[in-house]
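[1] dropping a prediction and its sequence here:
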Amino acid sequence: MTRPRIGFLGTGWIGRHRLSAIAQDGAAEIAAIVDPSEPCAREAQALAPEAAILPSFESLLSAGLDGVAIATPSALHAEQTVAALEAGLAVFCQKPLGRNAAEARAAVAAAEAADRLLAVDFSYRLTAAAAALVKLLDAGDLGEIFAADLAFHNAYGPDKDWFYDRAQAGGGCVMDLGVHLADLVLWLTGFPEVERVAARLFAGGTPLEAGSERVEDYAAAQFDLATGASVQLACSWRLHAGEDARIAVHLHGTQGGVSLVNVAGSFYDFELWHHRGTARTRLVAPPDDWGGRAAVGWARQLAEGGGFDPAARRLVDVAALIDAIYAAAR
């Protein structure tokens, strides 16, 4: 197993956190950093002193790297991912991979054509609570899943202007938060076909009209899965939630239920509860240092070879569901 050399494109809070996780794990060498903000680049370099600070994305592509982690505004993800893959680099990209399914499909196609590893930072899959939930599903302890209720409410909202620019972000809270819920429910249920999508989007409490350039800060969607399950999804920015965040995945089965929920408004602490009738059992509780696991997993997979992983094709399914929510709301 070789130790790949990787670069980081974008070292804001998320990029820096993922860089730190890989550096601490040691599966890969952090060799290069690119960020238009010199203070951000210097903070990242303090975590990986051996890394060179390079002036541009183009210089990163020609630096003799094996892979790149991308944490830039959403509008750039697909274009930069394709360019990196075509240059022979594996890619770990922040979500969303693209602003729509067409962009995501192009990125996945580029990965397959180049036979390079492509992954997206759907980090909630890597929580201890999600791992325990998968074990319940695999064991059949819940029976047949016939309904799911999903929520991700952020009482603050993003602190960068580009999140509120449709051209740069591709959308609002659905693209930012709802994409995690869409990924989780499809991943947990084996990526079935999605049917009969309905949705409503709001900005400042007012329904968004077709063609509006504003991005949504509240969304409610309902859709069915080909398995027969009915799914309710809600997400928001700046909701009067009474706490920093409300995050929940409730699955309802014929033999039991399960709830993956955040604790006391935390963005990071999660519990998993198993329900049978009026009784419930807590299966997982904090602490759980899960934030960097997806990045570390990508780096380790890259060290083991780094060829195309067919699981990347499912990234298009997630993007297609987000497209369907926006289309239904229009």
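    Everything's here; your move. Treat the numbers as computed from the prediction; the structure is a model and nothing was measured. Numbers count the residues shown, from 1 in each chain.

[2] list the contacts of the residue nearest to Phe146 when sequence neighbours are not counted.
    Leaving aside its chain neighbours, Phe146 sits nearest to Ala229 (5.4 Å; criterion: CB to CB, 6 or more residues apart in numbering). For the C-beta atoms, the positions are set from N, CA and C on the backbone; glycine is no exception. Contact analysis of Ala229 by CB atoms under 8 Å, 6 or more residues apart in numbering lists Ile145, Phe146, Ala147, Ala148, Thr189.

[3] avg pLDDT for the helix or strand Asp224 falls within?
    Assigned by DSSP states H and E, Asp224 belongs to strand 218-225. Taken as a whole, strand 218-225 has an average pLDDT of 98.

[4] check which helices and strands that strand sits against.
    In terms of contact count using 3 or more CB pairs under 8 Å, 6 or more residues apart in numbering; DSSP states H and E, strand 218-225 is assigned the packing partners strand 194-203, strand 230-237, helix 314-329.

[5] tell me which of the ones you listed approaches Glu50 most closely.
    helix 314-329 (31.2 Å; CB to CB).

[6] identify the residues contacting the closest one?
    By CB under 8 Å, 6+ apart, helix 314-329 touches 96-98, 100-101, 103-105, 107-108, 118, 120, 122, 171, 174-175, 178-179, 182-183, 186-187, 191, 194, 197-201, 208, 216, 219, 221, 223, 233.

[7] what comes up buried for it?
    Residues of helix 314-329 classed as buried by neighbour count (16 or more other CB atoms under 10 Å): 314-326, 328-329.

[8] returning to what we had before: and of the contacts of Ala229, the nearest to Pro55?
    Closest to Pro55, out of all of those and judged by CB to CB, is Thr189, at 44.9 Å.

[9] could you check how far the closest residue to Leu61 other than its chain neighbours is from Val215?
    Residue nearest to Leu61 in three dimensions, not counting chain neighbours: Ala87, with 4.4 Å by CB to CB, 6+ apart. Ala87 sits at a distance of 32 Å from Val215 (criterion: CB to CB, to the nearest Å).

[10] these two: which has the busier surroundings?
    Val215 (22 against 15; other CB atoms under 10 Å).

[11] check the more buried one and give its pLDDT.
    97.

[12] which residues does it contact?
    Counted by CB under 8 Å, 6+ apart, Val215 has contacts Phe163, Tyr164, Asp165, Arg166, Ala169, Gly171, Gly172, Cys173, Met175, Ala203.

[13] quick one: contacts for the residue nearest to the first one when sequence neighbours are not counted?
    If I follow you right, that is Phe163. Leaving aside its chain neighbours, Phe163 sits nearest to Ala169 (5.1 Å; criterion: CB to CB, 6+ apart). By CB under 8 Å, 6+ apart, the contact set of Ala169 is Pro73, Ser74, Ala75, Arg99, Trp162, Phe163, Met175, Asp176, Val215.

[14] now do the helix or strand harbouring Ala69, average pLDDT.
    Secondary structure from DSSP H and E places Ala69 in strand 67-70. Averaged over strand 67-70, pLDDT sits at 98.

[15] counting contacts, what elements does the helix or strand that it is followed by pack onto?
    Following strand 67-70 in sequence order, the next helix or strand is helix 74-86 (DSSP H and E). Applying 3+ CB pairs under 8 Å, 6+ apart, one finds that helix 74-86 contacts helix 57-61, strand 67-70, strand 90-93, helix 101-114, helix 166-169.
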